[in-house]
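[1] next one to model:
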Amino acid sequence: MSAYHRCNEEQLLASLRLGDHAAFTEIYNRYWEVLADAAYQRLRSREDAEEVVQEIFVNLYLRRKDLNPKSTLEAYLKQALKYKVIDAYRLQQQYYQRLQGLIEEHKLALAAPDQQVELKELKQRVLHAADKLPDKCREVFIMSRFHQLSHQEISDRTGISISTIKKHIHKALQILRHDFKDNQLDFLLIGMFIFLK
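    Next up is the predicted model:
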């Protein structure tokens, strides 16, 4: 147990401002799990959640001399988490928009028979990988990527909320990203969209 275990937030912040690593470690230990769980609830990816929380603590340490939370340290950290999650969503949307642009660019380049064979093989690999997904996640993923249904159409057919559908698709893509880590994800997803037409 650290010497700072019994310290209140004000004492910890005062020590942190002076560059005390033990005070920083105590803050980290107190709030890491709470923030990581909250981030996971929003991002539905343990890896993304941990990355966001890591950034929060790095920024906390870098800005330690100027820290002056208006309320509690916990409230300050949760507010920082809120903004980081918004940034993460924004980056995700930019990524998917860029990906959609790449898909559109490559749609016209698939007339060659060898490309059709490659896409057919890729489709089989993706279907095999999708078999490992949880049932509802797999169902939503296949309806979205293989049957080209919109989130609203999937919601109408399954009775699942659109926000839950987005979480299922995000989770599926995270799992597939891991399964296809040796391939460039952009190429994989381009194929996943195109061979369904």
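[2] from residue 156, how far out is the closest residue to residue 75 other than its chain neighbours?
    Distance criterion CB to CB, 6 or more residues apart in numbering; nearest residue to residue 75, sequence neighbours excluded, is residue 69 at 6.9 Å. For glycine as for every other residue, the C-beta is placed from the backbone atoms N, C-alpha and C. Distance of residue 69 to residue 156, given as CB to CB, to the nearest Å: 45 Å.
[3] if you count what's nearby, which of the two comes out ahead?
    residue 69 (15 against 11; other CB atoms under 10 Å).
[4] isn't the more buried one right up against residue 76?
    Yes: assessed by CB atoms under 8 Å, residue 69 is found in contact with residue 76 at 3.8 Å.
[5] how many residues are close by residue 100?
    Residue 100: 13 surrounding residues under other CB under 10 Å.
[6] ok, the most centrally placed residue in the chain - contacts?
    Geometric centre of the chain, nearest residue: residue 48, 4.3 Å, by CA atoms, centre = their mean. When the contact criterion is CB atoms under 8 Å, 6 or more residues apart in numbering, the partners of residue 48 are 39, 88, 174.
[7] mind listing what the second one touches?
    Taking CB under 8 Å, 6+ apart, we find residue 88 in contact with 43, 48, 52.
[8] next one: the lengthiest helix in the chain to chain centre, how far?
    Counting by DSSP state H, the longest helix found in the chain is helix 73-106. Chain-centre distance of helix 73-106: 8 Å, with CA atoms, centre = their mean, to the nearest Å.
[9] for that helix, which positions count as buried?
    By neighbour count on 16 or more other CB atoms under 10 Å, the buried set for helix 73-106 is 73, 76, 77, 80, 81, 84, 85, 88, 92, 103, 106.
[10] tell me how many other residues crowd the residue nearest to residue 130 when sequence neighbours are not counted.
    Taking CB to CB, 6+ apart as the measure, residue 130 lies nearest to residue 138, with 5.4 Å between them; neighbours along the chain are not counted. Residues lying near residue 138 (other CB under 10 Å) number 17.
[11] where does residue 138 sit: helix, strand or coil?
    helix (DSSP: H, G, I helix; E, B strand; the rest coil).
[12] right, I'll leave it there.
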